[in-house]
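[1] Fold the following and give me the result.
(chains A and B)
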Amino acid sequence: MQLTRKKRVAGDIEFGIIYGCIVLLMLVAARTLPLLTVLPICFFHSVTALPCPTCGSTRAVRELAFGNLGSAFLMNPLIAVLIVVALSVLAANVAMLVFRIQRPVLLFTSREYLVIRISIVLFVLINWAYLIIART
Amino acid sequence: MFCPQCGREVSADQPFCHGCGVNIRDASPAVEGRTRTPWEDRSTVGGLRGIMETLKGSLFAPGNFFKNMPVTGGLTDPIVYALITGMVGIMAFYLWQTLLHDALPVMMPHDIKGPAAFDALSGIHIAVIAFAAPFSIILNLFIWSGLLHLLLLLVQGAKNGFEATFRVAAYSYGANIFLAVPFCGWPLAIVWSIVLVIIGLKESHGTTGGKSAFVVLFPLIMCCAAAVLFSVLILGTVAASLGTMTNQPWK
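    Numbers count the residues shown, from 1 in each chain, chains lettered A, B, ... in the order given. The predicted structure follows:
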């Protein structure tokens, strides 16, 4: 793994800020709108009686919107962590944009990419196993 | 030599581009030779002709269209294209629903008849949808393409950058124009947009059809589509909070 800096070029797209804002919008919506009353039930859950890997996401978002980090983590750990990471990335990207700091770029070898891929799949499976155990 | 993704000069022994970080050995060489879509070339061909030719190409010859679609060049043009085609489809769909207000319940199964769906399609609700739909379309594009690209990376199918995935998602939005067809338009729009995304990912990333089909169908099957639908649900919730959807009993 290698950490380098990337110069800012006019026209660069700030994906960190875009996705961070989407997450922020979700939190605002979860805090101000009655999302839980109108959301449809999970199709996967209704067919299999098991939670899907994203079950609990809306409740996790809602708990986070009210500042209950612990409760959000219990609802869906992976989603709760991803939201916190997205908000951190948003703050870091905004700071880098305001202060004109070069972007950090992580470069991985093919082997490291493979490890990352396997880790992501494992995280999702472990999270899913937790959801199944916690709700059965 | 040059980076196939961002075009910066790189040395032959350099494994990664120092401009965009792409793995040069894995990157698709198929970036060159792509031409701008008629919509992106509208200053030459004209706006209306540009959008019509883009629609024709993406809907009826998607293989060629996505094979020739540029995988870089900014997000603005694809977003505007998706907004125009999406809004035309959505508003035509709601216009049909309003015009057929009395005819539709007769044809619908008993358990889905009721005032809720129809009240949401009239008066103030159409105005709310017209105002909120553009935001919903943009949110959908980013969430859907982000999810698709993450899965493409996981299956080693992302030979080009995120922009390629985003462009496929945006140009596939043209299928929403089928929403203007009464009765059978909406299932056609859903199915055809899925087909377009599968073909588009295959051609724009130079990956296999199996991988692109997996990437598109897996989240739909596994309910991750909840994330994609989140923005639509926000829209629905706004409509619901105006009153009728949650308060009135179903007939």
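[2] okay, CA-based contacts and neighbour counts for the rest of this
    Fine.
[3] Could you look up the SS state of residue A:54?
    Following DSSP: H, G, I helix; E, B strand; the rest coil, residue A:54 is assigned to coil.
[4] Any idea how many residues pack against it?
    Neighbours of residue A:54 under the rule other Cα atoms under 10 Å in any protein chain shown: 22.
[5] now swap in residue A:19 and tell me
    19.
[6] That one looks like it's in a helix, true?
    Yes: assignment of residue A:19 by three-state DSSP places it within a helix.
[7] which residues touch it?
    The contact partners of residue A:19, taken as Cα atoms under 8 Å, 6 or more residues apart in numbering or on different chains, are A:86, A:90, B:142.
[8] For the nearest residue to the last one once chain neighbours are set aside, what is the enclosing helix or strand?
    This means residue B:142. Spatial nearest neighbour of residue B:142, chain neighbours left out: residue B:166 (7.3 Å); criterion: Cα to Cα, 6 or more residues apart in numbering or on different chains. Assessed by DSSP states H and E, residue B:166 sits inside helix B:162-172.
[9] next structured bit after that helix?
    Following helix B:162-172 in sequence, per DSSP H and E, is helix B:185-205.
[10] Please name every helix or strand in contact with that following helix.
    Packing partners of helix B:185-205 (3 or more Cα pairs under 8 Å, 6 or more residues apart in numbering or on different chains; DSSP states H and E): helix B:62-68, helix B:162-172, helix B:209-221.
[11] Which stretch among those helices is buried most, on average?
    helix B:162-172 (a mean of 26; mean count of other Cα atoms under 10 Å in any protein chain shown).
[12] so where do the strands sit in the chain?
    Chain wasn't specified; assuming chain A. With strands called from DSSP state E, chain A shows them at A:2-6, A:103-107.
[13] list the contacts for residue A:106?
    With Cα under 8 Å, 6+ apart, residue A:106 has these contacts: A:1-4, B:21.
[14] rerun at 7 Å
    By Cα atoms under 7 Å, 6 or more residues apart in numbering or on different chains, the residues touching residue A:106 are A:1-4.
[15] from those residues, which is closest to chain B?
    Using Cα to the nearest Cα, residue A:4 comes nearest to chain B of these, at 7.7 Å.
[16] pLDDT and distance to residue B:47 added to the contacts of residue A:19, as CSV?
    Shown next, in CSV, are those (pLDDT from 0 to 100; distance: Cα to Cα, whole Å):
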residue, pLDDT, distance to residue B:47
A:86, 92, 37
A:90, 93, 36
B:142, 91, 24
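[17] buried subset of those?
    The neighbour-count test (16 or more other Cα atoms under 10 Å in any protein chain shown) marks A:86, A:90, B:142 as buried among the contacts of residue A:19.
[18] And those residues, which is closest to residue A:123?
    Ranked by distance to residue A:123 (Cα to Cα), those are led by residue A:86 at 16.9 Å.
[19] what about the residue nearest to that closest one when sequence neighbours are not counted, distance to chain B?
    In space, and not counting its chain neighbours, residue A:86 is closest to residue A:20: 5.3 Å by Cα to Cα, 6+ apart. Using Cα to the nearest Cα, to the nearest Å, residue A:20 is found at 11 Å from chain B.
[20] The residue in chain A that chain B sits nearest to: what's it in contact with?
    Using Cα to the nearest Cα, residue A:117 is the residue of chain A that sits closest to chain B, at 5.4 Å. For residue A:117, the contact set (Cα under 7 Å, 6+ apart) comprises residue B:154.
[21] And it, how far from residue B:130?
    Residue A:117 sits 40 Å away from residue B:130, going by Cα to Cα, to the nearest Å.
[22] My read is that the residue nearest to residue B:142 contacts residue B:143, right?
    No: checked against Cα atoms under 7 Å, the pair residue B:166 and residue B:143 is beyond contact range at 9.7 Å.
[23] Skip the chain neighbours and tell me the closest residue to the residue in the stretch 151-251 of chain B that chain A sits nearest to.
    With Cα to the nearest Cα, the shortest gap between the stretch 151-251 of chain B and chain A falls at residue B:154, namely 5.4 Å. Nearest residue to residue B:154, sequence neighbours excluded (Cα to Cα, 6+ apart): residue A:117, at 5.4 Å.
[24] how much space is there between that neighbour and residue B:155?
    Look at residue A:117 and residue B:155: by Cα to Cα, they are 8 Å apart.
[25] swap in residue B:191?
    Taken as Cα to Cα, the span from residue B:191 to residue B:155 is 23 Å.
[26] Please say which of the two ends up with more neighbours.
    residue B:155 (16 against 11).
[27] Close to chain B: what parts of chain A are there?
    Proximity of chain A to chain B (Cα under 7 Å from any Cα of the partner chain) is limited to residues A:6, A:29, A:33-35, A:38-39, A:42-44, A:52, A:54, A:105, A:107, A:117.
[28] where does chain B have low pLDDT?
    Low-confidence segments of chain B, defined by pLDDT under 70: B:1-33, B:101-126, B:223-251.
[29] on that earlier part again, as a markdown table, the helices and strands packed on helix B:185-205 with distance to residue B:202 would be great.
    Converted to a markdown table, the helices and strands packed on helix B:185-205 look like this (distance: least, Cα to Cα, whole Å):
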| stretch | distance to residue B:202 |
| --- | --- |
| helix B:62-68 | 9 |
| helix B:162-172 | 10 |
| helix B:209-221 | 6 |
